[in-house]
Structure formats: C-alpha cells, structure tokens
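*Asks:* Have a look at this prediction, sequence included:
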Amino acid sequence: MVRADASAVLGGGHVYRCHTLVSELQGRGWSPVFAGAPETQAVLPFLDLASFLPIPVGLNPREQAHFLAEKLDSVSLLIVDHYDLDETFEQACSFAARRLVVDDLANRRHDCDLLVDQTLGRGRREYRSLVPDRCRVLTGSRYALLRPDFRRARAQSLSRRESLSSPPKLLVMCGATDPTNLSGQVVQALAAFPQEVECTLVLSPQAPFYAEVMEDLKVLESQARVKVLPGTDRVAELMVESDIAIGAAGSTSWERCCLGLPCLTVVVAENQDLIGRHLEERKATILLGRAEDVKAEVIRRGLVSLLQNNDLRRELSENSSQLIDGNGAARVADAIEELYT
C-alpha cells in the first residue's frame, strides 16, 4: 500500500514517484493500493492509481493509521511518501509487515525497514539518527525513481542532442500544479522572444493559476507557438522531441537528466534547493534561482543563451546524462524484495 498525496499546493511529485516504484513492483507480481487525499486523483488524472482509497480530511497521523487498518486486513509493504508523516504514523501502521519511506528532507524520525532518498549528493549518514538500526538507507541519484520508458528512450534522446530542431522545441514543466505561476512568467518571456520557437506547456487544470495562464496565451503575440497539455503520461516522448526545457528542480529533474535534456531550472519549493544547487555544481543545468525571484526577463535571457550556444547545450546534456542511468526503480525494487528473503 502507498500513502501519498497530491494537491494544488503539494503538486504531484510524491504520488508520481511512488507510482513509478509501484509499476516496477507490479511487473514482479505485487498488487498495489494507493491511499491519499480525495483530490489526489483529480490532480493526476492520467495516472492509474489502482485501487484508490481516499482518506477523510482532518485525520491526524494515528487516526489515519487506524482508518487504514479498518479498511485493510494486512499489507505486505507500506510505502510512505509524505512530509507530514513520521514515525508516529509508521509505528501505528502495525498491519504492515514491512515499511518503506521515500523522503528527501532528512528532518524527522522514521520507523521503517527501508528508506530511499534520491536526492543528488545526499549521504546515508544524514539519516543515521533518524531511523532504527535495522533500517537500510539508499541515498543518491543512483536510486532515482524513473519509469522504464525513460531508460528505453535514453539512447535515442542522447543521439539527437548535437543539433537543434527547426524551429527549436521548448518543453515547460513547472510541477503538476505550478503553485508559484512560473508558467505565467514563461509565457511573458515568450511574448518578447526574438525568434520562432515551438513550446509545449504541461499544466494541470487544477493549477491555481491555470485560468490566468490560459488568458495570457489568448493574447500572446510573438513568434512562439504554444501548445498546452493538461497532463500526460508521454513525458519521456516529449523530452526526446524537445531541444531545451524549463522546469522545477523536483523529481522531473531526474527524467531530464536521464535523457540529457538541457534545462533552465527553477526552485519552486524549499525541498528543491539542494537538488538545484548540486545540479548547478555538476554543470548539469542552468539554475535561474527561486521561483519568486525568477521573472520573465531572466527566463528570456536564459532561453536566448541556450539556443545560441551549441557548446553549452552539449555540456549540459553530457553532464546531466552521466548522473542518471534510468535503473533506479529496479534497484529499489531489488532492495524491497531482499527484505523478504
């Protein structure tokens, strides 16, 4: 069973990465159940969340555990990916034979048998005092949870990074719900863009600024052609087709890295600071800054710089692709199965 939420504020990263791991486990014969806030399915309608169990709003961690215990007789594995849950919830889930936690903050205690933190540069020592002695800790981008289609598309994607499409293709993904309206700043940047470009913007209708972005697009007068997707399970295909990207420094960073897609990266949540800094240090992205400080002109200049500098694009592509090989989910699934041997 997976306990994770998606919402207009949280976005969809927690559920998305758990869905990736669950898909790998399904291929090995496991049967998943997702449990989360009622709006989770609305934020990520393109994901098959199997037997989804909505959790009533307002329950504290122990009450959530008791609710789940009443609905489920027993669970072989509980996967928890939630910033508001810690050892209090995990200890109360006595119906689960084993517990796995997916985290990227390293700021609270967990009671689990396995912990996964896919953050680039994260070390196991940072969890030493936060997990029991029995817990196995897997850290670093080696364990990035990517769907198999990214691994399959990797060779094709890397082979096309030597040249630009005509016109160049831009992919914009600022999180499932883009709570800071970075998409709006991108649209403004494109309004003053000096050359023709094709842009695909992925933005959920559940996003708080969705209506504003759509209104801005109606009056867009530039050489940019923008197509909006409300959500998609074709992310790997879109990345292969794109020349450059603008995106948040969240889980999608690992997908872009696997496919060597040069990117202008923006930190849209506190937990993304470390990812953004480490990617910039490895010269694997252009880090524009925090979302509240990144305005349209900064984005426009960054796009112009990437499009005009072939060497820079190739450097970003090569450096980023060396960080992720696309096999993280399989490695985590192997570790899960070792819990039962």
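*Replies:* Arrived safely, thanks for sending.

*Asks:* okay, now the residue nearest to Leu203 when sequence neighbours are not counted: neighbour count?
*Replies:* Leaving out its chain neighbours, the residue that sits closest to Leu203 by CB to CB, 6 or more residues apart in numbering is Ser183, at 5.4 Å. C-betas here are computed from N, CA, C, even on glycine. Ser183: 25 surrounding residues under other CB atoms under 10 Å.

*Asks:* Ser183 and Met214, how far apart?
*Replies:* 10 Å (CB to CB, to the nearest Å).

*Asks:* Would you mind giving the secondary structure of the residue nearest to Leu203?
*Replies:* Recorded secondary structure, Ser183: helix (DSSP: H, G, I helix; E, B strand; the rest coil).

*Asks:* OK, contacts around it?
*Replies:* 172, 174, 201, 203, 207, 209, 213 (CB atoms under 8 Å, 6 or more residues apart in numbering).

*Asks:* Need phi/psi at the last one.
*Replies:* The reference is to Val213. phi -60, psi -40 (degrees, to the nearest 10).

*Asks:* which other residues reach the helix or strand where Cys18 lies?
*Replies:* Using DSSP states H and E, Cys18 maps to helix 13-26. Residues outside helix 13-26 that contact it (CB under 8 Å, 6+ apart) are 2, 4-6, 30, 32, 34, 36, 40, 43-44, 47, 49-50, 79, 81-82, 102, 118, 145-148, 175-176, 250-252, 329-330, 332-333, 336.

*Asks:* Report the central residue of the chain.
*Replies:* By CA atoms, centre = their mean, the chain has its centre lying nearest to Ser251, at 2.5 Å.

*Asks:* these two touch, right, that residue and Ser141?
*Replies:* No. Applying CB atoms under 8 Å, one finds Ser251 not in contact with Ser141, separated by 11.2 Å.

*Asks:* Identify the contacts common to these two.
*Replies:* Joint contacts of Ser251 and Ser141 (CB under 8 Å, 6+ apart) are Gln118.

*Asks:* Could you pull out the helices in the chain for me?
*Replies:* Secondary structure of the chain by DSSP state H: the helices cover 13-26, 40-43, 61-71, 87-92, 148-159, 182-191, 210-218, 235-241, 252-258, 273-281, 296-308, 310-321, 328-338.

*Asks:* most neighbours per residue, which of the ones you listed?
*Replies:* Comparing these by mean neighbour count (mean count of other CB atoms under 10 Å), helix 252-258 ranks first with a mean of 27.

*Asks:* Which residues does the spatially closest residue to Ser51 that is not a sequence neighbour form beta bridges with?
*Replies:* Spatial nearest neighbour of Ser51, excluding adjacent residues (CB to CB, 6+ apart): Val33 at 4.6 Å. For Val33, the beta-bridge partners are Ala50, Ser51 (DSSP bridges).

*Asks:* Any figure for the gap between Val33 and Arg122?
*Replies:* 29 Å.

*Asks:* hang on, the earlier thing: out of the helices of the chain, point me to the one whose mean pLDDT is lowest.
*Replies:* If you rank the helices of the chain by mean pLDDT, helix 40-43 sits at the bottom with a mean of 89.
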